[in-house]
Structure formats: structure tokens, C-alpha cells
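Undergrad: mind folding the following:
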Amino acid sequence: MKKLKALALLFLLLLQGCAAVTAIPRVEDEIPAGFVRKEEHFDPDGFQDYVDYCKYCYPDAEAFERDGRWHAVSEEEIEEIRGYFENFRAWMESDRRLEEYDFDPACIGAGDYVRIEIGSTYWSQYDDYTLYFFDAESGILYYIHANI
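TA: Numbering: from 1, shown residues only. Okay, the predicted model is just below:
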């Protein structure tokens, strides 16, 4: 009887652990539908400390205009957004992955769309972040994630 209880408890713990893993949001769940092309560069060694860079091409800005999770970039936000991309570029460089990274910060302008998610800021604002930036002119959504 004790073995049966121990097995049942072990099964419940495993089931609970699987549920916790599936509760973590995936990149695909956060990218708006409607992209026509994608380029994804996930960190091959990514588990704890990692950086990911992806691009998704859209025919227009409609997906971002109607989704309340995004907001239009203001002139005041441009430097803050550039700061994230500069930090991210440094991480890609330190990982020797610059061949995967082709973002030009000059494309950031008022009227583009952005969504920034901040995790830990124990050491700096760049400890753990996810940034989605849609360049309305090119129709490209840039996804960067750094958890260092």
C-alpha cells in the first residue's frame, strides 16, 4: 500500500511539473498571426542564460494596430528602444553570433510599434527582457530576448 501511495505521489509531482513547463509562454504564441515570412535564430545553448533574435515579415501594420498589447512608438521612447538593441547586439557579439544579427537602429521611429516585457532588473534594466519591435516602414517585426 505504501508503494502505491508513493507511486501515486510521484505521478502527481511529475504531472504538476509538466503543467508548469507548458504554462511558460512560447515565442510563437506571442507573435501576431499574419506574417508571410520568418527568420528565427534561437540560442543553440539556450536554457538559463541566452539570447534569441527573430524577424517576422508582415504585409502591413494591421496586426499591431488592432492588438492592445502593442503601442505606437513616441519620439521620447526611441532612445530607450535603441538602448535595448545596443545591449542585445553586444550579447550577440560576445556569443559570436553577429552573422545572425542584422538590425539597424536607424529604422526606429515614431509611428512604429513596440512591446517591451521586463523580467529581473536586479543588476540593470538589461538583465532579462523581451522586446518586440515592428518597423512599419519595412513591415518587419523584430523579436529580441536576452536573459543574462
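Undergrad: without its sequence neighbours, what residue ends up closest to Arg115?
TA: Take Arg115 and drop its neighbours on the chain: the residue closest to it by CB to CB, 6 or more residues apart in numbering is Tyr132, 4.4 Å away. C-beta: built from backbone N, CA, C; applies to glycine.
Undergrad: hang on, isn't that neighbour packed against Asp112?
TA: No: the criterion here is CB atoms under 8 Å, and Tyr132 misses it with Asp112 at 10.8 Å.
Undergrad: check the gap between Arg96 and Asp29 for me.
TA: 29 Å (CB to CB, to the nearest Å).
Undergrad: Ile116 now?
TA: 17 Å.
Undergrad: neighbour-wise, which of these two wins?
TA: Ile116 (15 against 7; other CB atoms under 10 Å).
Undergrad: give me the element the nearest residue to that one once chain neighbours are set aside is part of.
TA: Of all residues not flanking Ile116 in the chain, Leu131 sits nearest, at 5.1 Å (CB to CB, 6+ apart). Element membership for Leu131 (DSSP states H and E) is strand 128-135.
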